[in-house]
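> From the sequence below, what's the structure:
(chains A, B, C, D and E, ligands or ions: 4)
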Amino acid sequence: MTLQADLRVARGGFRLGAELAVQPGEVVALLGPNGAGKTTALRALAGLLPLTGGHIRLGGRTWDAPPDVLVPAERRPIGVVFQDYLLFAHLSALENVAFGLRARGAGRATARAEAARWLDRVGLAAHAKAKPRTLSGGQAQRVALARALATSPELLLLDEPLAALDAATRLHVRAELGHHLRDYPGHTLLVTHDPLDAMVLADRLVVLEHGEVVQEGTPTEVARRPRTSYVADLVGLNLYRGTAHGTTVSLDDGGTLTIATPASGPVHVVFPPTAVSLHPEHPTGSPRNAWRVTVAGIERHAHTTRVRLDGVPPVLADITTATVADLRLQPGDELWAAVKATETHVYPS
Amino acid sequence: MTLQADLRVARGGFRLGAELAVQPGEVVALLGPNGAGKTTALRALAGLLPLTGGHIRLGGRTWDAPPDVLVPAERRPIGVVFQDYLLFAHLSALENVAFGLRARGAGRATARAEAARWLDRVGLAAHAKAKPRTLSGGQAQRVALARALATSPELLLLDEPLAALDAATRLHVRAELGHHLRDYPGHTLLVTHDPLDAMVLADRLVVLEHGEVVQEGTPTEVARRPRTSYVADLVGLNLYRGTAHGTTVSLDDGGTLTIATPASGPVHVVFPPTAVSLHPEHPTGSPRNAWRVTVAGIERHAHTTRVRLDGVPPVLADITTATVADLRLQPGDELWAAVKATETHVYPS
Amino acid sequence: GADSGGADSGGAEAGGAVAGKVTVFAAASLTETFTRLGEDFEAAHPGVEVVFNFGGSSALAQQIAQGAPADVFASAAPANMTQVGDAGGISGEAVTFARNRLEIAVPRGNPAGITGLADFGDADAKIALCAEQVPCGAAAKRAFEAAGVTARPDTLEQDVKAVLTKVRLGEVDAALVYRTDVRAAGGEVVGIEFPEAERTVNDYPIAPLAKARNAAGARAFIDHVRSDRGRAVLAEAGFDAP
Amino acid sequence: MTSTRRRARGRLPVVLVLPAVVGLAFLLVPLVGLLVRAPWDTLPEQLFSSSVGEALRLSLVCASLATVVCLVLGVPLAWLLARGDVPGRGVLRALVTVPLVLPPVVGGVALLFVLGRRGLVGQYLDAWFGISLPFTTAGVVLAEAFVAMPFLVISVEGALRAADPRYEEAAATLGASRWLAFRRVTLPSILPGVVAGTVLCWARALGEFGATITFAGNFPGETTTMPLAVYLALETDPDAAIVLSVVLLLVSVGVLAALRDRWISGPS
Amino acid sequence: MTSTRRRARGRLPVVLVLPAVVGLAFLLVPLVGLLVRAPWDTLPEQLFSSSVGEALRLSLVCASLATVVCLVLGVPLAWLLARGDVPGRGVLRALVTVPLVLPPVVGGVALLFVLGRRGLVGQYLDAWFGISLPFTTAGVVLAEAFVAMPFLVISVEGALRAADPRYEEAAATLGASRWLAFRRVTLPSILPGVVAGTVLCWARALGEFGATITFAGNFPGETTTMPLAVYLALETDPDAAIVLSVVLLLVSVGVLAALRDRWISGPS
Ligand SMILES: Nc1ncnc2c1ncn2[C@@H]1O[C@H](COP(=O)(O)OP(=O)(O)OP(=O)(O)O)[C@@H](O)[C@H]1O
Ligand SMILES: Nc1ncnc2c1ncn2[C@@H]1O[C@H](COP(=O)(O)OP(=O)(O)OP(=O)(O)O)[C@@H](O)[C@H]1O
Ligand SMILES: [Mg+2]
Ligand SMILES: [Mg+2]
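Ligands and ions are numbered 1, 2, ... in the order given. From the prediction side, this is the model:
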């Protein structure tokens, strides 16, 4: 009972062409920049957008295979959380959640009781009678989540289910969702922008860019070996593509890096921002890589500060707040960035 | 020209009562859990919801002071990004952005040129002619952002402006927004759930819970001295409230902690999850605090793993992936948690 | 019971066979008179119910052609009766039971000082006439031809009541309407007789219908209309005897 | 909660208020004219005459039944025109408006052609079931429904087109058939449009005259509705006709004012 | 793009399609009856007679002008009823439907009471400006507008109530006055409702008979519109009347089918 999908959709000027497979019980996160086609893929799986090519199969059943087969959305055992919720404005939160159960044949009382349980699980028992317009953004999304989960679908499609939640609720709902997804025997496809959500909740990541799959793998694999700058940004790594000759890599966009393990041919080089140290003068110690950079931006986080540096190559550095104070960092300052060769990670591209 | 607001609004069963002051050029982030009243406060400032008490003043002008004064929204020099965008469906992205300029009297050509510049800044020059329905969620939000910024308002109100953006775009738009906000002489109020957005963009944080301000201060202050568990969660700290007698604090919810600097009376104790070490047996070394805990949940992040632990008190621990493998951590495992007294931070509550 | 005479006893004779419901399709201009005659008829024939369907003569003719359940048709114009007759809709002959003639109608006070048909050629006066397609319009045309006047109407109404409304409200200075209409309008409209009215007489035919469910009742009602009592009621409303 | 001076959304713009007031005056001043000229002394007499009461009752009953018929047939029709993938929708949509353009008397004639005792369909109804619709109260309902239905269909179709179809999609992903989605999601969300259409439909049915008198005739107690009574009164006593119209007006305004506020405030 | 067998949203539900088809039949079969019974051989003769052409032209012109009047006055009125904080909205809303319920002939009388030569307002128009509306083409336009405006107002009001007012709020925060917000944000978003109302209004004006003949009279070339011509033809030659009706129908269906598709496909 694997979900096998070869999604080909043309939509205006945009073309999606992506193959996806989801095992029972598996949670696949679909990541990608805005406009990559994540929602489009999700709509095709939900049956809201007929494929123009390819197929969708779950186990022995074909859901979509142009030009012959098309199972309509209401006859696919799915649950969807939409990016903008789409709660029914005239129904209360409870009735929204009960809707799917009723539509699938549950009695009124059963459906309401089950819906109440679900609202409780997402922490909204107190708002059962509220109309969606009187709910705050985050409350609305939790109702949408409960509504999709309540019908125990075989394929769960989540379009950024946690985006509007506050930090505390997010932790809570993420844990709750993770809990449910672990126990859940069905297939889950989760669209998200938040690397944390993806890492925490998903067994496998599929990264989509411009309608195509650019990388796939377990969260650890993807985190360790990003293949595009989007993925590198996502997992918070510095990523470069270049050509290796022994321990020297000439980067495609200029600059060279020294690496620890010899390699040859086209490679990716990554290292975390924490591996970058900053110095007012050319550093003299162990780091094998040192180059001139200019401060482009400073972002203070709670416990560290991230500095964006222009140079050849450009780089992100995470340093302590104390260091920022020591160096009196200002945008425009000229500095030296240093990275130990042993901190770099290299893999063929 | 300070924005002085004493916001009192009754809305259904919900009551907002919050005082806010924003200096020119200052960016204040309004944080709070779902349903805390952030959007309500923002609507009152925008003039979309008349106050039932209190007042709103900007410089010498009174915008709202029941029962006498109420300046309507269209005559307040404001810019608003709504939580669900509210882009005009029949206008193209460019026309959406040009709308405010036209409404404030700019000529057609000027407005369009200026709007095109703004679209370009948010990276959507290529979608200028697209109708909102054909934009992806994140693209739509960027148009909304450009639309609000384009009129150079005196008071900028942002309701989760970055929530739907993907990681790379978010970085880009956040930096862009930060850049604009720094140069921007007006007053900015930013509603967000993302502590990072708040820390990076805001000069001051105001935390709202149940319609009331529970904490206020610079990001660093708030991050170091959270006053509620919501804020602690937000900044990723373990927070406890208790009563200190010398270096011992009896926690209100059970358990005791040993602290480094003697104190007395009601205090807050905080320490970061990275300060927590986990041990299969009672640790014997330096840590002054050690207690039995049970693994409640494990979240793998890119480079660390966060473990939720039940115990007296419950605690969050960030440990390396290697440690997880060493300890073969599973939910339900019993362990010892240890925290060095010197890692705790104590302040009066 | 106050009536006496041959016609009435003839009615009583037929009354023995009369029972049930008699459905009468009658021109709208007969509303008042026929309603009264119907009440009389019911009083004279206990157990009999007269049901009226008042409407435009042409609409009634259409309805009869489409199989409407009517026993009697009383038309305001011979043409509509002929239409029904040609389609085989009437049993026997239609008879004329009343006549009407045109009169000049002017608003109270006669603001334009209308005296005769000649004033209808005055371009300044507001004039309303019936359209030529309807009987009162055809009659008016005959009158003008006889008088040698070229009328300059401002409006050609679809029925005489519409003309009358405009006179009552003072929208027009003069119009040609039936005498019965002037009579019905009370003091709000003043009627002026004119010599050519002789040429404008319009016959009202009545006939029992071929598909009548109550043929005896139909006969009896027609007899009642043509009785002295019937004539008296019609005369009171301004109709001429045939 | 707030004093009337405090409006959340600025002053009403003159460019809108001026034509609105002119429009209102245009609609209402003629009624004022009617009220001024109506011979009020005859009102009580008219009002309590049994024939007027009968006509009024019949009018209200027939208009309401016709409205029910229109709702049952018209709302699905509107949905089909707005959402169904039927070929030639543009022409169908235009055809639906035809009974609007047809002079009502001709509409009545057309109904007679079809449903009359000798009509295309009516002859079989008569022969097989002994049902004859013209000149009965049912005929009145049919004639009114025929004339009034387009109003409902077009209003509801407009509302459906303005509604966001993604809510129906959301319902589909929850397992709702199109019928369920229509009933529980679409219909409630377009309720204001349906109410508007229903009001138009009912009002039009209540005022219907030409098709009714042609198709159903003018039999007191059976098919004589208020407009027909007004027509007859115009023949005999024009002042009475005005009083009757005023009665019809007052009743309909009363009914609409009472009902609409309940309908509208109820679900929203 | 996809073959017709592949529908994104399942089969059309019988519960909706069945009544929809019955409703369609109910509206269309009488027209078929008309077409079947129409004496087609006289059609060309009628069609090319100058008086018919004149009446048809006059009908189209007057109905279109009346629709413009209704749009200009009625859309703001609908907005006032839906959004303005005017007291007594419920009653106002019901009053606006009154011209619907009023038998058209009485409506014409009411107009005469007000705008006639001796009317409340008309006497001054006549005395001061020498303007006399009855018996003129302008009178036809007014009478049609009076009868047709409620259709527009009620449809548009329904659409306004269904529209999300938060978009107007968004416009306000961008500095748009209520008028600008109405014009540039609200109006485009309720366009389907406005189109529906316009169609109803135009069609009603085109078919208007009673108020027109009462207020404006019947003079060929000046006030004789098609419905008046049809009515008079019914008196002498019912067959000709049917042919005229069919002509009116075909023209209106043609105009509506052509226009609506353009209006609707344009902005959405
Ligand atoms: N109805 C439509 N017509 C034409 N193009 C569309 C339509 N809907 C989406 N698109 C285009 O398809 C592309 C993919 O959109 P999609 O909504 O799938 O992106 P996404 O990956 O979900 O982005 P986001 O993270 O911002 O939600 C975008 O470029 C968008 O402009
Ligand atoms: N129109 C309304 N009528 C009644 N209650 C409302 C209305 N709108 C919001 N509320 C209530 O007011 C409270 C505050 O809502 P608000 O939208 O201000 O929250 P928020 O802080 O913006 O939350 P979120 O982060 O989820 O957007 C909530 O409890 C909500 O249920
Ligand atoms: Mg998306
Ligand atoms: Mg909010």
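> what sits against residue A:214?
Contacts for residue A:214 (C-beta atoms under 8 Å, 6 or more residues apart in numbering or on different chains) come out as A:207-208, A:227-228, A:230-231. Placement of C-beta: from N, CA and C, glycine included.
> can you do 6 Å?
A:207, A:228 (C-beta atoms under 6 Å, 6 or more residues apart in numbering or on different chains).
> what does the one 4 residues further on give?
Shown in contact with residue A:218 (C-beta under 6 Å, 6+ apart): residue A:204.
> What's the per-residue pLDDT of it here?
Looking at residue A:218, its pLDDT stands at 85.
> all helices of chain C, in order?
Residue ranges of the helices in chain C, as given by DSSP state H, are C:6-15, C:31-44, C:57-65, C:78-86, C:135-147, C:160-168, C:179-184, C:215-226, C:228-236.
> can you list the residues that contact the shortest one?
By C-beta under 6 Å, 6+ apart, the residues outside helix C:179-184 that reach it are C:100-101, C:103, C:105, C:160, C:164, C:189, C:191, C:237-239.
> Tell me how far stretch C:233-242 lies from the chain's centre.
10 Å (C-alpha atoms, centre = their mean, to the nearest Å).
> Select, out of the helices of chain C, the one closest to residue D:186.
Ranking these by their distance to residue D:186 (criterion: C-beta to C-beta) puts helix C:57-65 first, at 42.4 Å.
> Rank the helices and strands of chain C by mean pLDDT and give me the bottom one.
Using mean pLDDT, DSSP states H and E, the weakest-scoring helix or strand in chain C turns out to be helix C:6-15, at a mean of 40.
> what pLDDT does the residue in the stretch 51-200 of chain A that ligand 1 sits nearest to get?
Nearest residue of the stretch 51-200 of chain A to ligand 1, counting by C-beta to the nearest ligand atom: residue A:83, 5.8 Å away. In the predicted model, residue A:83 carries a pLDDT score of 78.
> Just say helix, strand or coil for it.
At residue A:83 the chain is in coil, as set by DSSP: H, G, I helix; E, B strand; the rest coil.
> now residue D:19
Following three-state DSSP, the label given to residue D:19 is helix.
> now swap in the one 4 residues further on and tell me
Reducing the assignment to helix, strand or coil with three-state DSSP, the entry for residue D:23 is helix.
> burial measure for the residue lying closest to it once chain neighbours are set aside, as a count.
In space, and not counting its chain neighbours, residue D:23 is closest to residue E:73: 3.2 Å by C-beta to C-beta, 6 or more residues apart in numbering or on different chains. If you count neighbours by other C-beta atoms under 10 Å in any protein chain shown, residue E:73 ends up with 24.
> Can you show me the strands along the stretch 1-150 of chain A?
With strands called from DSSP state E, counting those that start in this stretch, the stretch 1-150 of chain A shows them at A:3-11, A:14-22, A:27-31, A:53-58, A:61-65, A:69-70, A:78-81.
> Same check on the stretch 151-300 of chain A?
A:155-159, A:187-191, A:204-209, A:212-217, A:238-251, A:256-271, A:276-279, A:289-300.
> In JSON lines: these, plus distance to residue C:135.
Listed next are the strands of the stretch 151-300 of chain A as JSON lines, based on distance: least, C-beta to C-beta, whole Å:
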{"stretch": "strand A:155-159", "distance to residue C:135": "75"}
{"stretch": "strand A:187-191", "distance to residue C:135": "79"}
{"stretch": "strand A:204-209", "distance to residue C:135": "83"}
{"stretch": "strand A:212-217", "distance to residue C:135": "84"}
{"stretch": "strand A:238-251", "distance to residue C:135": "98"}
{"stretch": "strand A:256-271", "distance to residue C:135": "101"}
{"stretch": "strand A:276-279", "distance to residue C:135": "106"}
{"stretch": "strand A:289-300", "distance to residue C:135": "95"}
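> For residue B:72, find the nearest of these.
Nearest of the strands of the stretch 151-300 of chain A to residue B:72, taken as C-beta to C-beta: strand A:155-159 at 36.4 Å.
> Pull out the buried residues from that closest one.
Under the neighbour-count criterion of 16 or more other C-beta atoms under 10 Å in any protein chain shown, strand A:155-159 has A:155-159 buried.
> Export the residues you listed as JSON lines, with columns for distance to chain E and pLDDT.
Shown next, in JSON lines, are the buried residues of strand A:155-159 (distance: C-beta to the nearest C-beta, whole Å; pLDDT from 0 to 100):
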{"residue": "A:155", "distance to chain E": "17", "pLDDT": "93"}
{"residue": "A:156", "distance to chain E": "21", "pLDDT": "92"}
{"residue": "A:157", "distance to chain E": "16", "pLDDT": "94"}
{"residue": "A:158", "distance to chain E": "21", "pLDDT": "92"}
{"residue": "A:159", "distance to chain E": "18", "pLDDT": "90"}
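> And those residues, which is closest to chain B?
residue A:159 (7.9 Å; C-beta to the nearest C-beta).
> Distance-wise, check the closest one relative to ligand 2.
Applying C-beta to the nearest ligand atom, to the nearest Å, the value for residue A:159 to ligand 2 is 18 Å.
> Then residue A:17?
For residue A:17, the distance to ligand 2 - C-beta to the nearest ligand atom - is 37 Å.
> contacting residues around the residue nearest to that residue when sequence neighbours are not counted?
In space, and not counting its chain neighbours, residue A:17 is closest to residue A:8: 5.2 Å by C-beta to C-beta, 6+ apart. Shown in contact with residue A:8 (C-beta under 6 Å, 6+ apart): A:17, A:51-54.
> Tabulate those (TSV), appending distance to ligand 1 and pLDDT.
Formatted as TSV, the contacts of residue A:8 follow (distance: C-beta to the nearest ligand atom, whole Å; pLDDT from 0 to 100):
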residue	distance to ligand 1	pLDDT
A:17	12	93
A:51	14	93
A:52	13	92
A:53	16	92
A:54	16	93
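> neighbour-wise, which of these leads?
Busiest of the contacts of residue A:8 [other C-beta under 10 Å] is residue A:51, holding 26 neighbours.
> isn't it right next to residue A:65, touching?
No. Residue A:51 lies out of contact with residue A:65 (C-beta atoms under 6 Å); the separation is 7.7 Å.
> Quick one, grab the pLDDT at the spatially most distant residue from the centre of chain C.
In terms of distance from the mean C-alpha position of chain C, residue C:124 ranks first, at 31.6 Å (C-alpha atoms, centre = their mean). Looking at residue C:124, its pLDDT reads 84.
> can you give me the helices for the stretch 101-250 of chain A?
A:108-121, A:137-149, A:167-183, A:195-201, A:219-224, A:229-235 (DSSP state H, counting those that start in this stretch).
> Can you say which of these is nearest to chain B?
helix A:137-149 (3.1 Å).
> just checking, what packs against that closest one?
Secondary-structure packing of helix A:137-149 (3 or more C-beta pairs under 6 Å, 6 or more residues apart in numbering or on different chains; DSSP states H and E): strand A:78-81, helix A:93-103.
> winner for burial among these?
Of all those, strand A:78-81 has the most neighbours on average by mean count of other C-beta atoms under 10 Å in any protein chain shown, namely a mean of 27.
> can that one be found next to chain D?
Yes. Applying C-beta under 6 Å from any C-beta of the partner chain, one finds strand A:78-81 touching chain D at A:78, A:80.
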